[in-house]
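Q: Sequence and predicted structure are below.
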Amino acid sequence: DGGITQSPKYLFRKEGQNVTLSCEQNLNHDAMYWYRQDPGQGLRLIYYSQIVNDFQKGDIAEGYSVSREKKESFPLTVTSAQKNPTAFYLCASSRDRGNGYTFGSGTRLTVV
Amino acid sequence: QKEVEQDPGPLSVPEGAIVSLNCTYSNSAFQYFMWYRQYSRKGPELLMYTYSSGNKEDGRFTAQVDKSSKYISLFIRDSQPSDSATYLCAMSAHSGAGSYQLTFGKGTKLSVIP
């Protein structure tokens, strides 16, 4: 079955460490997105990519980095520069604007 | 003014009730309107999709779009405890090729009490 796989489901990080969240899709979608979800704040866009080897900053890109070397993969690195990284991270993909997004099941990152 | 406004709730209803969830928006360029359902600790799943104005029905769910009022609604008939979730509205504009971004509401948390 086609879908988006995010791993790991839960992740713990020590302060000062970088960590990479995985996102893989087999839907043949061109566009991929990373969102952060905090209680009461809704979904906030971190980065998005509409094509391989190209990506754009979203509303809250500071402290994050991404790469898009393959159509299927869009990993997110949370760097030590991100001041408040504890959150639920969601990856999504889309074929075009009319069909909406398909979301992964999310990664919950906790800084300890 | 935020682009999309959605009452966060929480909204608590008895089983069998009709539920009405709403969003207002300010960008008149929005043409595609969606509702997502998100269970706790899960990713959102697409529930309903509507293009431009009008109604769309799928089982117990009805989505309505009123572009003249910049107002969209999701109705749930005969609500069930399994409908307990957070519902997010989302919309996008008919912009240039390659621009696929959705603008989301913050979500309304719904609890259906048995």
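A: Happy to help now that I have it. Computed from a predicted model, the values in this text were never measured in an experiment. Numbers count the residues shown, from 1 in each chain, chains lettered A, B, ... in the order given.
Q: A:Thr77 versus B:Asn5, what's the distance?
A: That one is not Asn; residue B:5 is Glu. 33 Å (CB to CB, to the nearest Å). Glycine gets a C-beta too; all of them are placed from N, C-alpha and C.
Q: Repeat that for A:Ala92.
A: 18 Å.
Q: So which of the two has more stuff around it?
A: Applying other CB atoms under 10 Å in any protein chain shown to A:Ala92 and A:Thr77 shows that A:Ala92 carries more neighbours, namely 26 against 14.
Q: Quickly find the element holding that one.
A: strand A:87-94 (DSSP states H and E).
Q: next helix or strand past that strand?
A: strand A:102-103.
Q: Where does pLDDT dip in chain B?
A: Counting by pLDDT under 70, chain B contains low-confidence ranges at B:1, B:94-100.
Q: Tell me which strands the strand holding A:Ala92 pairs with, and in which orientation.
A: strand A:31-38 (antiparallel), strand A:102-103 (antiparallel), strand A:107-111 (antiparallel) (DSSP bridges).
Q: List of residues touching that strand?
A: For strand A:87-94, contacts defined as CB atoms under 8 Å, 6 or more residues apart in numbering or on different chains pick out A:4, A:6, A:21, A:23, A:25, A:27, A:29-38, A:43, A:46, A:74, A:76, A:100-104, A:106-109, B:41, B:43-44, B:100.
Q: What parts of chain A come near chain B?
A: Chain A comes close to chain B at residues A:4, A:6, A:31, A:33, A:40-43, A:45, A:48, A:50-51, A:88, A:90, A:92, A:94, A:96-106, A:108, as judged by CB under 8 Å from any CB of the partner chain.
Q: Pull out the buried members of those.
A: A:4, A:6, A:31, A:33, A:42-43, A:45, A:48, A:50, A:88, A:90, A:92, A:94, A:97, A:100-104, A:106 (16 or more other CB atoms under 10 Å in any protein chain shown).
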